[in-house]
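Engineer: Sequence first, predicted model second:
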Amino acid sequence: MAKAPTPEDLTRLMIGRIDALPRRLADGARHLIDHPDDVVLLSMREIANRAGVAPATLVRLARTLGYSDWSELRALYADSFRTGPARYADKAVAAVQQDKGAGLLGETFRAQEASLAYAVESNAPQDIAAAARTLAHAERIYVAAFMSCRGPGLTFTYLCKMLRSNVELLGTEGSSLVADLAMLTERDAVLSINFQPYAREIDLIADGVRASGAKLISLSDSRATPLQPHAATSLLFSAESPSFFPSVISAVGVVEGLAAAMLTELQDTAMERIGRIEEQLYASGSYHAHKRAR
């Protein structure tokens, strides 16, 4: 007797087919991939509203995936129901709706706390360690972070250069992204940071990684990005925010954690490099010339 499929099996199926799906079906699939508990906890209409599609789109998606209708697909999730960390952002939204008196600053801080908690719960220690190991021992590291993801990308690049050489932020002034990606080899690693709507450069990154065999670490708000099929390790952050613009606070938290894990991986080599750089910063006058504690 064939083994009954699980939600994890369906997730893998959707990730494998998402690039070939029409845009609206892909939007619905992406929501199911990242919020599997919604299938059990919410009505089809509410899921469609959160995914930004029509309810009929979810019915078409179910049939495209081989189910007779939505109820049959929902039964698969109901049989294996479990709560998961993807609901932290929903809890933050609920808290904001219940307390309007604290003001936008308080609302924003609560959402940021929830985003950081989501990042902790969503990224297994072994995945952080695997990503750090890949980055620590690559011949070169390229950081692909564009538009509002530039901040976390700059943070990681700065920290990583303290630990090792040959670290480059893609898309800087005076460089060509296409030319930089053409230099990738299988000995290199790329850290990509992105969230929806994805910057158009994401397809160039996917093409460059696929052609070169470079190892990709994907840090994103979804398991269903165009980079997912090419990633050696996938890490998650939440971009949920009560403000008008998505938040990257948990992405910064993850890259700082990655840098700490890389230090553990590189150990004495990295610590010696940090010491040399610190001495040079003081000697050059880059740091304020106050007396340092010994």
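Structural biologist: Yep, it's here. Numbers count the residues shown, from 1 in each chain.
Engineer: Looking at this structure, which helix is longest?
Structural biologist: In the chain, taking DSSP state H as the definition, the longest helix is helix 103-122.
Engineer: where exactly do the strands run in the stretch 1-150 of the chain?
Structural biologist: 141-145 (DSSP state E, counting those that start in this stretch).
Engineer: low-scoring stretches of it, by residue?
Structural biologist: Low-confidence segments of the stretch 1-150 of the chain (pLDDT under 70): 1-4, 80-104.
Engineer: just the stretch 151-294 of the chain next, same as before
Structural biologist: For the stretch 151-294 of the chain, the ranges with pLDDT under 70 are 174, 242-244, 288-294.
Engineer: Going along the chain, name the helices of it.
Structural biologist: Secondary structure of the stretch 151-294 of the chain (DSSP state H, counting those that start in this stretch): helices at 177-182, 201-212, 249-266, 268-284.
Engineer: ok, and which of the ones you listed has the densest surroundings?
Structural biologist: Mean neighbour count (mean count of other Cβ atoms under 10 Å) peaks for helix 249-266 among the helices of the stretch 151-294 of the chain, with a mean of 21. C-betas here are computed from N, CA, C, even on glycine.
Engineer: Between helix 103-122 and that helix, find me the angle.
Structural biologist: Relative orientation of helix 249-266 versus helix 103-122 (axes from the mean of the first three to the mean of the last three Cα atoms, to 10 degrees): 40 degrees.
Engineer: which strands and helices sit next to helix 249-266?
Structural biologist: For helix 249-266, the packing partners by 3 or more Cβ pairs under 8 Å, 6 or more residues apart in numbering; DSSP states H and E come out as helix 103-122, helix 125-137, helix 150-163, strand 189-194, strand 215-220, helix 268-284.
Engineer: Mind doing that once more with 6 Å?
Structural biologist: Contact partners of helix 249-266 among helices and strands, from 3 or more Cβ pairs under 6 Å, 6 or more residues apart in numbering; DSSP states H and E: helix 103-122, helix 125-137, helix 150-163.
Engineer: Give me the residues contacting it.
Structural biologist: Helix 249-266 is contacted from outside by 112, 115-116, 119, 128-129, 132-133, 135-136, 152, 155-156, 159, 163, 193, 219, 235, 237-238, 270, using Cβ atoms under 6 Å, 6 or more residues apart in numbering.
Engineer: out of those, which are buried?
Structural biologist: By neighbour count, with 16 or more other Cβ atoms under 10 Å, the contacts of helix 249-266 hold 112, 115-116, 119, 128-129, 132-133, 135-136, 152, 155-156, 159, 163, 193, 219, 235, 237-238, 270 as buried.
Engineer: How about the residue positioned nearest the centre of the chain, nearest residue that isn't a chain neighbour?
Structural biologist: Residue closest to the average C-alpha location in the chain (Cα atoms, centre = their mean): residue 220, at 1.9 Å. Using Cβ to Cβ, 6 or more residues apart in numbering and skipping residues adjacent in sequence, the residue nearest residue 220 is residue 194, 5.3 Å away.
Engineer: just checking, residue 28 touches residue 55?
Structural biologist: No: taking contacts as Cβ atoms under 6 Å, residue 28 lies outside contact range of residue 55: 9.8 Å.
Engineer: From residue 140, how far out is residue 37?
Structural biologist: Look at residue 37 and residue 140: by Cβ to Cβ, to the nearest Å, they are 40 Å apart.
Engineer: Apologies, that question was intended for residue 72.
Structural biologist: Counting by Cβ to Cβ, the gap from residue 72 to residue 140 is 48 Å.
Engineer: Looking only at neighbour counts, state which of the two leads.
Structural biologist: Shown here are residue 72 and residue 140; by other Cβ atoms under 10 Å, residue 140 has more neighbours (17 against 13).
Engineer: which ones are touching that one?
Structural biologist: Residues near residue 140 by Cβ under 6 Å, 6+ apart: 166, 188.
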